[in-house]
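Asks: here's a sequence, model it:
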Amino acid sequence: MSDPPFSLKKVKFRETAHITFEDEYVTAYQSTDIVPKIYMSVNTSRDAQGLASGKPKRWFRTRYSKWVTEQTFIKNYQKIREKF
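Replies: Numbering: from 1, shown residues only. Model prediction:
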């Protein structure tokens, strides 16, 4: 019997860092209930006054992978889970 497809909606994250740059806010998260751990970065652009502007961009990776978009990550993580 095969496992259901992987979904990030079921993964619990905790905030681990919040960094402010001149042009964007970056908030880092780490999964708390899944192995291998998933790292998520939420990057939000800032306007000239320093306020958040635009839609946040979410990036994901595991310990040994590169930062990728959500769609790419789900495909790659499903392959990793099939090995376990």
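
Asks: so I19 sits right up against N43, yeah?
Replies: No. Using CB atoms under 8 Å, I19 is not in contact with N43; the gap is 9.8 Å. C-beta coordinates here come from the backbone N, C-alpha and C atoms, glycine included.

Asks: lowest-pLDDT helix or strand in this protein?
Replies: Ranked by mean pLDDT, DSSP states H and E, the weakest helix or strand in the chain is helix 70-83, scoring a mean of 84.

Asks: so what does that helix touch, helix or strand wise?
Replies: Packing partners of helix 70-83 (3 or more CB pairs under 8 Å, 6 or more residues apart in numbering; DSSP states H and E): strand 57-61.

Asks: the protein: strands as residue ranges?
Replies: Assigned by DSSP state E, the chain shows strands spanning 13-20, 24-31, 39-45, 57-61.

Asks: partner strands of the second one, with direction?
Replies: Paired neighbours of strand 24-31 in the sheet (DSSP bridges): strand 13-20 (antiparallel), strand 39-45 (antiparallel).

Asks: show me the beta-bridge partners of the most centrally placed residue in the chain.
Replies: In the chain, the residue lying closest to the centroid (CA atoms, centre = their mean) is M40, at 2.3 Å. Using DSSP bridges, the beta-bridge partners of M40 come out as Y29, F60.

Asks: tell me the contacts of it?
Replies: Going by CB atoms under 8 Å, 6 or more residues apart in numbering, M40 touches F13, A28, Y29, Q30, S31, R58, W59, F60.

Asks: for the second one, which non-adjacent residue is spatially closest?
Replies: Spelled out, it's A28. A17 (4.1 Å; CB to CB, 6 or more residues apart in numbering).

Asks: tell me the confidence at the one you found?
Replies: On pLDDT, A17 comes in at 97.

Asks: for it, grab the count of nearby residues.
Replies: By the criterion of other CB atoms under 10 Å, A17 has 10 neighbours.

Asks: contacts only, for it.
Replies: V26, T27, A28.

Asks: okay if I get those as a markdown table plus distance to P4, pLDDT and neighbour count?
Replies: Below are the contacts of A17 laid out as a markdown table (distance: CB to CB, whole Å; pLDDT from 0 to 100; neighbours: other CB atoms under 10 Å):
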| residue | distance to P4 | pLDDT | neighbour count |
| --- | --- | --- | --- |
| V26 | 32 | 96 | 16 |
| T27 | 29 | 96 | 17 |
| A28 | 28 | 97 | 16 |
